[in-house]
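> Quick check, what structure comes out for this input:
(chains A and B)
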Amino acid sequence: MSRGPLVSVRGVHRSFGSGANAVHALRDVTFDLTAGTMTALVGRSGSGKTTLLNVIGGLDRPDSGAVLVDGTDVTALDEDGLSLLRREKVSYVFQTFGLIPVLSAAENVGAPLRLARVRPGERERRVALLLELVGLADHAEQLPGELSGGQQQRVAIARALAASPRLLIADEPTGQLDAETGLSVMALLRGVVESEGVTVLVSTHDPTMLALADRVIRINDGHLTTEPSGGRAGS
Amino acid sequence: MLRLAARRARAQWPLLAALLAVAVVGPTLLGTCALLLTRTADQALETAASRATSGQIDVTAYTITVRGEDARSVADDTRAVLTSALAPFATTTAARASSVMRSFPADRQQAGRAGVAYLSGVEDLPARTQLAAGRLPRAGSAPMEAVVLESTARRLGLAVGTRVRLGTELADDPDQAAEVRVVGVVRPLPGTGWDRDPLAAAGYDPAYRDGRSVQPVHAYGPFIVDLPDLLAGGSTLARLEITAHPDLSSPARRDLDTVTETVLGADRRLGRLLGDRVWIERVASQLPSMLLAARNQQQVTAAAVLAVAAIGLVLTATALALAGRLSAGVRGDETALLSALGAGRGQLAVAALAEVGALAALAAAVAVPASSALHAGLTRLPPMAAAGLSADPGVNGVQVLSVVGAALALAAVLIVPSVRTVPGLRRRRELLARSGTDLLLVAFAAVGWWQLRDQPAGSGTPLDAVRVLAPALLLIAGSAVALRLVWPALRGVERLARRARGLVVPLAAFEAARRPQAIAAGLLIGLGCAAATYGVGFGATWQRSQQDQADLSVGTDLALTLAAPPAAGQGAAVGAATGGVVSPATDRGIAVGQWLGGAGDPPRLVAVDTTRAEALLRGRLHEGRGWADVGAVLAPSTRAAGVSVPAGAALSLVGKATGTTPLTVTPRLLFEDATGLRTSCTGEPVPLDGRAHPLPDCATAEGLRLVAVSLPFAITPGNVGTGSSHALAEPQAGNSRVAVTITTPGTASGPPWTATSAEPAPGQLGAPAVTLTGTSAGTELRMTTTVELKGPPDAARNLIATAFPAPGPIPVAVSARFAGEVDARPGSRLDLTVGLTPVQVRVAEVLPAVPSAPGAAAVLADIDALSRALAVRGDFDVPVDEWWVGRPTRADASVRGTDLRLGAVTTRASETARLTGGPLRAGLPAALLLLVPAAVLLMIAGVVLHVTFDLRARAVEVARLRGLGMTRREIRTVLLGQHVGILLPLLATGAVIGALATRVVAPLIVRSDTGAAAVPAVVPVWPWAAEAALLAVLLAGCALAVSAVVVVQARRADAAYLRVAS
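Below is the predicted model of the structure:
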């Protein structure tokens, strides 16, 4: 099966502040992401990883350049269009898990399905499937505060997969986890790519995680310092 | 640490400003209440005193039987005592004196019959009389110059220039005869004290009794001479009264306190000073009781104002506790960091104390001028401005102390959350403590309510701690308990929301139901809403109760209390002046069998025309019962028709008696005017000699009807009215058949008349009968009977002819207290003594209270029925004390009624205004004006604080919702739904608590102006429209506050937060 680019980033600039105090978070960033692959975005803190993820996911707008996700120009979308994009095509996994504290694990996973107004029966079936997938079927009714960090992140991944997104963006998903748990989370993401065919863009600064990625994109001071390469593709 | 606190204060000034704003409210409220209770209270007492009528503040000394040689010194000493008692107020005095009766022999130069007469001296005569002829007497003339009343002049044929010789005094040590020269004829002006004249300014009494003669005598007078002449003339004074009028136009409270004491002691001082120069002396004044009652009333108002202040303080403390908790939450990380760095609790406490102390100082510094300004503004609003209590901003010690105390107490509330190092660890213990506090509050509230419910019905202690604290306790306990009930409700909503398909509504429900912090402001919101709705409900209940009390205490729409017995036709003038339904009314003490009631609290008799009860009577009845229903039970079935007598008609009497014993009769006629007023007219003793004798000019008004005639027959001839009884030489025996015919130009109508022989010796007359015959001259009323001559000459032989049958026991309605005191129930028969006449009554109904007799053991009767019962017993003196006017149509009815100068006018409206807006009462509505806005403001401030802190704490979470793909609109909906979902039940429970407090507490808090339980019983009022408007304002205010914060928060929910978080 031929795989075309799901995401195309072209000449994206993003800066914060103005004049001499301006911080250039992204400078002329251009690359593509192939559908059904897992790409690691690597860089130091403040290198522009999160800004780039937010721009691709429509949480932030570039000053210039274009971002196409599944053929949709993200930069041309209005607020509602961006929300629709995140609801239907792009999911997030945050470093701090981003779970809603008052919702149980199952309810957190079901939230995107509720947003999509999936029927309750179908929703419950899919939630159960996803929790099974992330190995938390026995923890469905527990609140995030009652779960460990790794479990929370698994719930976050299950939630991100709930609405069957085309692109899953994970911002330092292992940043709050110990090495072993982080590795298992990355393995889970890898498994998702394999089983669900989801395109995953994950930012990390942990070299041990890179082995699981199909590609590695390095960013430094807003620039892509090397052409996308490495990972499983490069190894 | 202190430096850190200072730097933190600079950095977090908006937070501290918010805390300061909340902290200022309570002390400001308390400071304002302190000013209301001190400065305004003094001003209110002074204003009330300055507005008091002369009758309320005048001090009158009565001295009885003063020897002639002592008269001047007694007068001087009495004036001195009164003036000193009223010091330091400037005082004016007015004296009035009457001599003892002197013999008044028949003189061929003067008309009339022999009898008695008296001299009088009246100061300020021009203000009390209108000169009809001649001039007023001058001092020092010989013989003494005198003016006489028109009626005296007419009766005695006196004219200006006539000399009149008065005989010796009828006293143990009589003065010599006196001669006066008439220099003028005057008319007495009503309402100027003539009711205290021995003959009540009638000028003549054909049957005067002063206890010196067996028979009544003719009495004439007064012969009004110059007062100093009278005092110096050697006449023995039967009575000397001196009235002192203090100038209370700008009294000081301290002086009023002094006067209260000195007037109370004036009687004793006067007695000591006058010694045996007088027989009886007494100083009477309403001034001390009025001032004491005013202070009592102030305390009642003070209790209510303090209750309002207590609620305000509890509200502020709650708001401040919330603000403290929220700010501690914001500073949680900082506190944890400081603890981690090694800062001990003591250091944290020092820093918190410094901050809180500064906050308290600032709050007090702001609250003192703020409360002064608020108080000044409040006094310019209607309740207080109308009461004459407007004041400029001012500061006093009590206010400053209250403000500082409140600021410190409230600041202490902030310390506890500030020194918590690890808030989370204490959660379990806190929850337990909170539950315990809730239970304690409920227990205190229950005890408070129980104490309130069992407080004495009497005045008790007007300023009672329970009455002050109970409402605040009940409100906060109710709110705390209600808060516990909100959780299950939200859980229920949450369970329903789980089944929903979308995310927005369920998420809002989940957030509302599952976040403990979601109802952090719950107590404040519930309490604020409860306090505001209670404030409105209590205000309405209080207003309604005052109106009910006014309705019942006046008894009718307008009452004119007569200074002198009414004259026929007077009711028409009252009706014309007021434009309402007019009825004569009786309102006086009676005896019920042997029962005279408590000391100073005799059973009351109230009688009016009950055929017009619906228009006349006011006061609350049992449910479903109207005054028309009561009136229908009490009124006679038919009106007494009688014989109409045109105004000025000449009536004559012809009497015949068989036998040789000469008999006389002194006819007494009872007339009824169009308003139902019955007045009697007594003729001269007439011999039954078969000749026509003119009767006196009785028909003095249009529309009179003759409804009864009394014919007391006397055996002894020639001595009636002279005071000297000539017993017949031989005892009489047998009987005499007599026939008396009264002819009047009028026509008769209605049922036949009834003739009876009056009590107490009805056997002295036999076969009494009466017939009416229409003739060309009018109507002849022929009465026949057989007079039993045996027995004492003075024995009653009184034929009574009436246009109505003997009424039997008259139906009456009695007050619940009366029924309780004498164990009366419907159907009970009782004997009342009205004046000296026994009247049998039958209890037809038991009322909660009788109009004009709130809380009294009282009887309500129909005045027609009462008059009939008295008349058949020969008592034609129908006791009329007032005119009652129902539904007056003239806007100025009160003023016009007063202008009639018949007596004091009281209206329901004026009484309601006095009770609700009088200077001594205006403090309460003013305090309520403070409470409701303060509650609303604090509540909304609490909502803003809570929502702001809540959303700030959840900013990242909100941003992540965007990450999930929610639009800003959906996020706004979730946040609004969450907060509205919490606010609505809290507002609803707050309103329910307010309503419950209004229903349960308000009736127990509202008291009468004496501090006793209000009569009628207080009915809780829940003004739906006002409460709905208030709730709408609360809801709109909260919704606006929440919306503003939510919109801002949703707008900020962008990648910035995600970046921070990630």
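> Quick check: residue B:291 vs chain A, distance?
When distance is defined by C-beta to the nearest C-beta, to the nearest Å, residue B:291 is 65 Å away from chain A. For every residue, glycine as well, the C-beta is placed using N, CA and C.
> Count the neighbours of the residue in chain A that chain B sits nearest to for me.
Closest approach of chain A to chain B (C-beta to the nearest C-beta) occurs at residue A:87, with a separation of 3.0 Å. Neighbour count of residue A:87, defined by other C-beta atoms under 10 Å in any protein chain shown: 19.
> and it, what element?
According to DSSP states H and E, residue A:87 maps onto helix A:79-88.
> my guess is residue B:584 meets residue B:616, correct?
No - with contacts defined as C-beta atoms under 8 Å, residue B:584 does not count as touching residue B:616, sitting 10.8 Å away.
> Now tell me which helix or strand of chain A has the poorest mean pLDDT.
helix A:231-234 (a mean of 48; mean pLDDT, DSSP states H and E).
> show me where the stretch 951-1062 of chain B has helices.
Assigned by DSSP state H, counting those that start in this stretch, the helices in the stretch 951-1062 of chain B fall at B:955-963, B:968-1000, B:1002-1005, B:1024-1052, B:1055-1061.
> Rounded mean pLDDT for stretch B:978-985, please.
The pLDDT scores in stretch B:978-985 average 83.
> Please see if it touches chain A.
No - counting by C-beta under 8 Å from any C-beta of the partner chain, chain A has no neighbours in stretch B:978-985; the shortest distance is 9.8 Å.
> Provide the secondary structure category for residue B:444.
Counting by DSSP: H, G, I helix; E, B strand; the rest coil, the backbone at residue B:444 sits in helix.
> Could you measure from it over to chain A?
From residue B:444 to chain A the distance is 35 Å (C-beta to the nearest C-beta).
> rewinding a little: what about the following helix or strand past the helix holding residue A:87 and chain B, any contact?
Using DSSP H and E, the next helix or strand after helix A:79-88 towards the C-terminus is strand A:90-93. Yes - judged by C-beta under 8 Å from any C-beta, strand A:90-93 and chain B are in contact via residue A:92.
> which residues are contacting strand A:90-93?
Applying C-beta atoms under 8 Å, 6 or more residues apart in numbering or on different chains, the contact partners of strand A:90-93 are A:56-58, A:69, A:86, A:98, A:112, A:153, A:156-157, A:159-163, A:165-171, A:173, A:189, A:202, B:960, B:963-964.
> mind saving the C-alpha coords of stretch A:143-152 as CSV?
Extracted C-alpha coordinates of stretch A:143-152, given in CSV (Å, rounded to 0.1, in the frame of the first residue of the first chain):
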residue,chain,number,x,y,z
LEU,A,143,-10.7,8.6,38.6
PRO,A,144,-7.4,9.9,37.2
GLY,A,145,-6.2,10.8,40.7
GLU,A,146,-6.5,7.2,41.6
LEU,A,147,-4.3,6.0,38.8
SER,A,148,-0.6,5.9,38.4
GLY,A,149,1.2,8.2,36.0
GLY,A,150,1.7,5.4,33.4
GLN,A,151,-1.9,4.4,33.8
GLN,A,152,-3.1,8.0,33.3
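> residues contacting the residue of the stretch 851-1000 of chain B found nearest chain A?
The nearest approach of the stretch 851-1000 of chain B to chain A comes at residue B:965, 3.0 Å away (C-beta to the nearest C-beta). Listed by C-beta under 8 Å, 6+ apart, the contact set of residue B:965 reads A:83-88, A:112, A:115, A:163.
> Now list the buried members of these.
Neighbour-count burial (16 or more other C-beta atoms under 10 Å in any protein chain shown) applied to the contacts of residue B:965 gives A:83-88, A:112, A:115, A:163.
> what ranges of chain A fall below the confidence cut-off?
For chain A, applying pLDDT under 70 flags the ranges A:1-4, A:226-235.
> May I see the helices of the stretch 951-1062 of chain B organised as JSON lines, with distance to residue B:135 and mean neighbour count added?
As requested, these are exported to JSON lines (distance: least, C-beta to C-beta, whole Å; neighbours: other C-beta atoms under 10 Å in any protein chain shown):
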{"stretch": "helix B:955-963", "distance to residue B:135": "98", "mean neighbour count": "22"}
{"stretch": "helix B:968-1000", "distance to residue B:135": "67", "mean neighbour count": "22"}
{"stretch": "helix B:1002-1005", "distance to residue B:135": "62", "mean neighbour count": "22"}
{"stretch": "helix B:1024-1052", "distance to residue B:135": "65", "mean neighbour count": "17"}
{"stretch": "helix B:1055-1061", "distance to residue B:135": "103", "mean neighbour count": "18"}
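> ok, back up a step: against residue A:82, how distant is the residue of the stretch 851-1000 of chain B closest to chain A?
According to C-beta to C-beta, to the nearest Å, residue B:965 stands 9 Å off from residue A:82.
> Residue A:109 now?
23 Å.
> These two: who's more crowded?
Using other C-beta under 10 Å, the more surrounded residue of residue A:109 and residue A:82 is residue A:109, with 31 against 22.
> Report the buried residues of the helix or strand containing that one.
Assigned by DSSP H and E, residue A:109 belongs to helix A:105-115. Of all the residues in helix A:105-115, those buried under the rule 16+ other C-beta under 10 Å are A:105-115.
> quick one: low-confidence ranges for the stretch 1-150 of chain B?
For the stretch 1-150 of chain B, the stretches flagged by pLDDT under 70 are B:1-2, B:4-5, B:106-114.
> coming back round to it: quick one: distance of the helix holding residue A:87 to the chain centre.
15 Å (C-alpha atoms, centre = their mean, to the nearest Å).
> repeat for stretch B:633-651
Put simply, stretch B:633-651 sits 36 Å off its chain's centre (C-alpha atoms, centre = their mean).
> try stretch B:968-980
Its chain's average C-alpha position is 55 Å from that of stretch B:968-980, according to C-alpha atoms, centre = their mean.
> Now do the contacts for the nearest residue to residue B:996 once chain neighbours are set aside.
Leaving aside its sequence neighbours, residue B:996 sits nearest to residue B:478 (C-beta to C-beta, 6 or more residues apart in numbering or on different chains; 6.4 Å). Shown in contact with residue B:478 (C-beta under 8 Å, 6+ apart): B:445, B:530, B:993, B:996-997.
> Sweet, I'm off.
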